[in-house]
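Undergrad: Here is my input, please return the structure:
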Amino acid sequence: MQRVKAAIFLLCLMFAAHSGAQIKQVASVDTASNVKKDYVHMLHADVTKGDKERLPDAIILVGDVELRHDSMYMYCDSAYLYTKRNSVQAFGNVRMEQGDTLFLYGDYADYDGEQNIARVRSNVRLIDKATVLETDSLNYDRNINLAYYFSGGTLSDEQSTLDSYWGQYDLTTKEAIFTDEVALQNPQFLLNSDTLHYNTASNIATIVGPTDIFNGANHIRSSLGRYNTASRQATLLRRSVVANGTKELTGDSLFYDAARGFSEVFGNIVYSDTVARNMLTGEYGFMDELSDSAYVTGRAVVMDFSQAADTLYMHSDTIWALSYNIDTDSLYRKIRACHKVRAYRTDLQAACDSLVFDSRDSCMTMYKDPVLWYGSQQLLGEEIKMYMDTASIDWVHIINQTLYAEHVDSANYNQISGKEMKFFFRDKKLSEMQVLGSVLVRYYPLDSDSLLLGLNTTETGKLSAFMKDGEVDKIIAPTKADGVFYPMSQIPDAVRFLPNFVWLDFMRPRNKEDIFNWRGKRRDQMLKKVKRQNIPLPSLDNLR
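TA: A predicted model of the protein is given here:
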């Protein structure tokens, strides 16, 4: 019996010595390729044993196992060490360390020392300084310092948490790539995407697929761009959209600063409001959501859809949309159009140098040689104020050097001038006109067959005219009036037209595309030079 025990003990010593000799062999030379190879080296195990029947090629390591492969250390509860193929299977509380920054944990790991690839499974956690990657299955390629997962995982840093079904993380560049149901969460925003690149060092998310970013009340939609998760600044391309409630901003390229609340957009921009039913377009724009203001230039156009049957198109060199008394009951807005303003709607057209629309009284004021066309009628003066109701024009107020002209036939025009004119509308049609101060009239009455009877010339201090089917039907002068009636064959050329008569039909916008074609008055068609009030223009200081 003693001899048997001694023989068994001698065999164990021989096996341990044989195993130890192989484990301590750290490197050898491959004679075929003449390349030096590193071998997995066992540093410690409570128990070292073998099982030739079940694991003939493995050394079984049990208890407080510690291994090393060049600069990487591995710790686990137990392991199978395959010296011939230079690989390890590690079980229980697996921990891999490389330097003082990379730590990889899991319940199981299969490490291939030939390919330098670790396959870690179950409760996997990779820590790279402040970045943590958690998943159920992860492969780590030490050759290129790249970790990737393929069955769902979470990457988190000090700023954000990112979930996706598939992802990879480059520990050298700190660049991560994610696909399939990507969700990046931050206390300030939520990002959902199909494909996303994210750098944990710069905190920049690179958008390369359909992406939605929810930032408080704002919603960004983009398929190409960059978003800094720390500063919340985005540079977006390919017709990206920034939406805020009922308002949307779209452009070829767009810079958005969520923290400071402004956007700068370039190329084919569209700024729309579905509640106000209007749209602002142009080539360059600046939008400040905190002050609810916008600035657009470069083929700038305002489109108003408030009338379901028709749309108003207005163009100028520059258009401002400004809000005042934000977050109060006294909120109101102004739209300012500056230089070479032209507007078109099927029933209404206008041209002037500048205009202002004020929401407090729904008044649009046109400055500097304004002209308004309504059907066959032309209105002009030094200043035109057009008051709107919910459906259309309510009334129009024209101040100084006023002229009403209505085309009668190829050679004749009804004309009225005065210091001040007021036009009132009913059912979207001109119904009444009031003229005050130095009133002059040239009016062609019609017979029952709509033939011209002659020319009625009148001079008075005040006059009222009533319309029927959009044309002058009756004129009343409540104050003393002086006038002469001329039959058609006896009209002197000198009285046919008022002194300030001018017919500006060539300036009139013909369609919505024609608003871009500026046609100004000739020198002899200008109003008399008088000291006029300048339009109060805003500066960039109005926008933060």
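Undergrad: Can you give me the neighbour number for T318?
TA: As a burial measure, T318 scores 19 neighbours (other C-beta atoms under 10 Å). Where you see a C-beta, it was placed from the backbone N, CA and C, and this is true even at glycine.
Undergrad: and it, that one's in a helix?
TA: No. T318 is assigned strand when assessed by DSSP: H, G, I helix; E, B strand; the rest coil, not a helix.
Undergrad: Show me what counts as buried in stretch 358-367.
TA: D358, C363, M364, T365, M366, Y367 (16 or more other C-beta atoms under 10 Å).
Undergrad: Would you reformat these as a markdown table and include secondary structure, distance to T318 and pLDDT?
TA: Converted to a markdown table, the buried residues of stretch 358-367 look like this (DSSP: H, G, I helix; E, B strand; the rest coil; distance: C-beta to C-beta, whole Å; pLDDT from 0 to 100):
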| residue | secondary structure | distance to T318 | pLDDT |
| --- | --- | --- | --- |
| D358 | strand | 18 | 91 |
| C363 | strand | 20 | 92 |
| M364 | strand | 17 | 92 |
| T365 | strand | 17 | 95 |
| M366 | strand | 16 | 95 |
| Y367 | strand | 14 | 94 |
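Undergrad: can you map out the helices along the stretch 151-300 of the chain?
TA: Counting by DSSP state H, counting those that start in this stretch, the stretch 151-300 of the chain has no helices at all.
Undergrad: what bits of it have low per-residue confidence?
TA: For the stretch 151-300 of the chain, no stretch has pLDDT under 70.
Undergrad: Let me see the ranges of the strands in it.
TA: Ranges of strands in the stretch 151-300 of the chain, per DSSP state E, counting those that start in this stretch, are 153-156, 161-164, 166-170, 175-186, 189-199, 204-207, 211-215, 218-222, 225-228, 233-244, 247-257, 262-273, 278-288, 293-304.
Undergrad: Other residues contacting the third one?
TA: In other words, strand 166-170. Here strand 166-170 makes contact (C-beta atoms under 8 Å, 6 or more residues apart in numbering) with 126, 128, 131, 133, 144-150, 153, 155, 175-180.
Undergrad: Turn the buried ones among the residues you listed into a named PyMOL selection, would you?
TA: Filtering the contacts of strand 166-170 down to the buried ones (16+ other C-beta under 10 Å) takes a single PyMOL command:
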select buried, resi 126+128+131+133+145+146+147+148+149+153+155+175+176+177+178+179
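Undergrad: My read is that S122 contacts Y108, right?
TA: Yes. Here S122 reaches Y108: they are 5.7 Å apart, a contact under C-beta atoms under 8 Å.
Undergrad: Go through the strands of the stretch 151-300 of the chain and name the closest to L379.
TA: strand 293-304 (19.9 Å; C-beta to C-beta).
Undergrad: So what angle separates the directions of the closest one and strand 247-257?
TA: Going by axes from the mean of the first three to the mean of the last three C-alpha atoms, to 10 degrees, strand 293-304 is angled at 150 degrees with respect to strand 247-257.
Undergrad: residues of strand 293-304 that come out buried?
TA: Per 16+ other C-beta under 10 Å, strand 293-304 contains these buried residues: S293, A294, Y295, V296, T297, R299, A300, V301, V302, M303, D304.
Undergrad: swap in stretch 343-356?
TA: So, applying 16+ other C-beta under 10 Å, buried residues of stretch 343-356: 343-345, 347-356.
Undergrad: So S122 and Y108 - more neighbours on which side?
TA: Neighbour totals were compared for S122 and Y108, and Y108 leads with 17 against 12 (other C-beta under 10 Å).
Undergrad: can I assume that one is in contact with V120?
TA: Yes. Using C-beta under 8 Å, Y108 makes contact with V120 at a distance of 7.2 Å.
Undergrad: Residues in contact with both of the two, list them for me.
TA: Shared contacts of Y108 and V120 (C-beta under 8 Å, 6+ apart): V94.
Undergrad: how about the strands of the stretch 151-300 of the chain in a markdown table, adding distance to R519?
TA: Shown next, in a markdown table, are these (distance: least, C-beta to C-beta, whole Å):
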| stretch | distance to R519 |
| --- | --- |
| strand 153-156 | 61 |
| strand 161-164 | 57 |
| strand 166-170 | 60 |
| strand 175-186 | 53 |
| strand 189-199 | 49 |
| strand 204-207 | 45 |
| strand 211-215 | 45 |
| strand 218-222 | 40 |
| strand 225-228 | 41 |
| strand 233-244 | 33 |
| strand 247-257 | 30 |
| strand 262-273 | 26 |
| strand 278-288 | 21 |
| strand 293-304 | 17 |
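Undergrad: Tell me the strands beside the host helix or strand of V356, with direction?
TA: According to DSSP states H and E, V356 maps onto strand 348-358. Strand pairing for strand 348-358, using DSSP bridges, gives strand 332-345 (antiparallel), strand 363-367 (antiparallel), strand 371-374 (antiparallel).
Undergrad: Out of the ones you listed, which gets nearest to F501?
TA: Checking the strands paired with strand 348-358 against F501 by C-beta to C-beta gives strand 371-374 as the closest, at 13.2 Å.
Undergrad: In what element of secondary structure is I384 found?
TA: Assigned by DSSP H and E, I384 falls within strand 383-388.
Undergrad: Which strands and helices lie in contact with that strand?
TA: strand 363-367, strand 393-407 (3 or more C-beta pairs under 8 Å, 6 or more residues apart in numbering; DSSP states H and E).
Undergrad: orientation of the shortest one relative to strand 383-388 in degrees?
TA: Using the same axes, to 10 degrees, the direction of strand 363-367 lies 160 degrees away from that of strand 383-388.
Undergrad: and strand 363-367, how far from the chain's centre?
TA: Relative to its chain's centre, strand 363-367 lies at 30 Å (C-alpha atoms, centre = their mean, to the nearest Å).
Undergrad: still on that earlier bit, and the buried residues of stretch 358-367, which is closest to R523?
TA: For these, the nearest to R523 is Y367 (19.5 Å; C-beta to C-beta).
Undergrad: my guess is the closest one meets S354, correct?
TA: Yes. Look at Y367 against S354 with C-beta under 8 Å: they come within range, at 4.7 Å.
Undergrad: Rebuild the helices and strands packed on strand 383-388 as CSV, extending it with distance to G282.
TA: Compiled in CSV, these are given as follows (distance: least, C-beta to C-beta, whole Å):
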stretch, distance to G282
strand 363-367, 19
strand 393-407, 26
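Undergrad: sorry, back to before: ok, and what's touching the strand holding I384?
TA: Contact with strand 383-388 is made by 350, 352, 361-367, 370, 372, 393-400, 532-533, as judged by C-beta under 8 Å, 6+ apart.
Undergrad: Show me the shaky parts of the stretch 351-500 of the chain.
TA: Residue ranges of the stretch 351-500 of the chain with pLDDT under 70: 390-391, 470.
Undergrad: quick check, L126 in a strand?
TA: Yes. L126: assigned to a strand according to three-state DSSP.
Undergrad: Can you give me every residue that contacts it?
TA: L102, F103, L104, Y105, V132, L133, E134, L138, Y140, A147, Y169.
Undergrad: So which of those is the closest to Y39?
TA: For these, the nearest to Y39 is Y140 (19.1 Å; C-beta to C-beta).
Undergrad: name the helices or strands packed onto the host helix or strand of the closest one?
TA: Taking DSSP H and E as the definition, Y140 sits inside strand 131-141. Applying 3+ C-beta pairs under 8 Å, 6+ apart, we find strand 131-141 packed against strand 102-112, strand 117-128, strand 146-149, strand 153-156, strand 166-170.
Undergrad: Could you point out which of these sits nearest L190?
TA: Of those, nearest to L190 by C-beta to C-beta is strand 153-156, at 14.4 Å.
Undergrad: What strands line up against that closest one, and which way round?
TA: strand 131-141 (antiparallel), strand 161-164 (antiparallel).
Undergrad: for the stretch 1-150 of the chain, what are the low-confidence residue spans?
TA: Of all residues in the stretch 1-150 of the chain, those with pLDDT under 70 make up the ranges 1-37.
Undergrad: ok, back up a step: next, format the strands paired with strand 348-358 as JSON lines and append distance to D310.
TA: Formatted as JSON lines, those follow (distance: least, C-beta to C-beta, whole Å):
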{"stretch": "strand 332-345", "distance to D310": "5"}
{"stretch": "strand 363-367", "distance to D310": "16"}
{"stretch": "strand 371-374", "distance to D310": "13"}
